[in-house]
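Visitor: Got a predicted model here, sequence first, then my questions.
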Amino acid sequence: MNLTTTYLGLELKNPLVPSASTLSENLDNIRRMEDAGAGALVLYSLFEEQILQDSHELDFHLSHGTESVAESLSYFPEPETLYVGPERYLSHLSEAKAAVDIPVIASLNGSTNGGWLRYAKEIESAGADALELNIYYLPTHMSLSGTEVEQNYIDIVKTVTSAVSLPVAVKLSPFFSNLAHVAQQLTHAGAEGLVLFNRFYQPDIDLETLEIRPRLLLSGHQEMRLPLCWIGLLYGRVPVDFAATSGIDNAKDVVKLILAGADITMLCAALFRHGIPHIAKIREELMEWMETNGYDALHEMRGAMSQLNCPNPNAFERAQYLKAVSTFFPTGMPVL
């Protein structure tokens, strides 16, 4: 059974890719992911705040006290000419590349178009096979228009893609007035892949202490419907590779997303719930489904149920929505 797929110009032995998480902070886990059959992996994220914090700390230590001696003013180079940033991430990336044979995709997470993006070049030098640009941006300013928000994404992507030769994928949230337009503009800016979707982690209120608490919830099975919908809508219309993420738990989820048009499916919550060996289980069940349904290769499935190829294109839009809400009755609930 041929499970090979192509993502960001990389040939992968299958579409099962662990997404960025703390699991990949450990080299043994990375090796176990490869042994379990992962087609590639996305390394845990390096955050804009980490880079800026290191930059500010170095600036302080280099400049502290220099005003007291005239000669010392020229002793150190200007901070902006120095490379600063979490060296541990680069070192770990190099070690991960040496530890496994599958592609290793780095993850850079931020929200502004600033100097921290130069770190993408260091990631390239460290040996990453590709870069996932996770733009985690929650606009709250009343004066900020939707057009300006979209332009921020485009500017970030242009800055990175003009600085590196690595293929770049952009991880997006679904909260745009017209996601199709944004997807198209990002490809014009140089993105070769779209990762759908990012999740905003909403805070919670602790009623005992009356404090705001961060509360991370693993994605649920129903959340895979959103990337399924949008990948199905965009497949064949936007010239990029698609990575599906959020709520993917089993082989049936993978099958549905490939049929919608995904090139790869990313696993995170499933690995925390079931363990890294769960990759092998999904792979085996994926092959069983393909054999039962007469598919010899993954590419035969891809996009078969997208809007572009669906016998009923309206299934992805308003007609199906109308049908769903007008025929829904909860099981076991009495109708009065």
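Guide: Yep, it's here.

Visitor: Do you have the helices of the stretch 201-336 of the chain handy? List them.
Guide: Counting by DSSP state H, counting those that start in this stretch, the stretch 201-336 of the chain has helices at residues 225-234, 251-260, 269-274, 278-292, 298-301, 318-326.

Visitor: so can I have JSON lines of the ones you listed showing distance to residue 242 and mean pLDDT?
Guide: Any C-beta I mention is one placed from the backbone N, CA and C, and that applies to glycine too. Compiled in JSON lines, those are given as follows (distance: least, Cβ to Cβ, whole Å; pLDDT from 0 to 100):
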{"stretch": "helix 225-234", "distance to residue 242": "5", "mean pLDDT": "95"}
{"stretch": "helix 251-260", "distance to residue 242": "8", "mean pLDDT": "98"}
{"stretch": "helix 269-274", "distance to residue 242": "19", "mean pLDDT": "94"}
{"stretch": "helix 278-292", "distance to residue 242": "17", "mean pLDDT": "98"}
{"stretch": "helix 298-301", "distance to residue 242": "13", "mean pLDDT": "97"}
{"stretch": "helix 318-326", "distance to residue 242": "21", "mean pLDDT": "60"}
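
Visitor: Ok, which of the ones you listed comes nearest residue 2?
Guide: Closest to residue 2 of those is helix 298-301 (Cβ to Cβ; 6.5 Å).

Visitor: what's in contact with the closest one?
Guide: Counting by Cβ atoms under 8 Å, 6 or more residues apart in numbering, the neighbours of helix 298-301 from elsewhere in the structure are 2, 3, 4, 5, 14, 15, 255, 258, 259, 290, 295.

Visitor: can you pick the most crowded of the residues you listed?
Guide: Within the contacts of helix 298-301, most neighbours by other Cβ atoms under 10 Å means residue 258, with 29 neighbours.

Visitor: which residue sits closest to that one, ignoring its sequence neighbours?
Guide: Using Cβ to Cβ, 6 or more residues apart in numbering and skipping residues adjacent in sequence, the residue nearest residue 258 is residue 301, 5.0 Å away.

Visitor: now the one you found: how far from residue 129?
Guide: Distance, residue 301 to residue 129, by Cβ to Cβ, to the nearest Å: 25 Å.

Visitor: now residue 5
Guide: 15 Å.

Visitor: Over to residue 46?
Guide: As judged by Cβ to Cβ, residue 46 and residue 129 stand 16 Å apart.

Visitor: So for those two, which residue has more residues nearby?
Guide: For residue 46 versus residue 129, the count of surrounding residues by other Cβ under 10 Å is larger for residue 46: 27 against 17.

Visitor: And the host helix or strand of that one, what does it pack against?
Guide: Per DSSP states H and E, residue 46 falls inside strand 41-47. Packed against strand 41-47 by the contact rule (3 or more Cβ pairs under 8 Å, 6 or more residues apart in numbering; DSSP states H and E) you find strand 16-18, helix 27-36, helix 87-99, strand 104-110.
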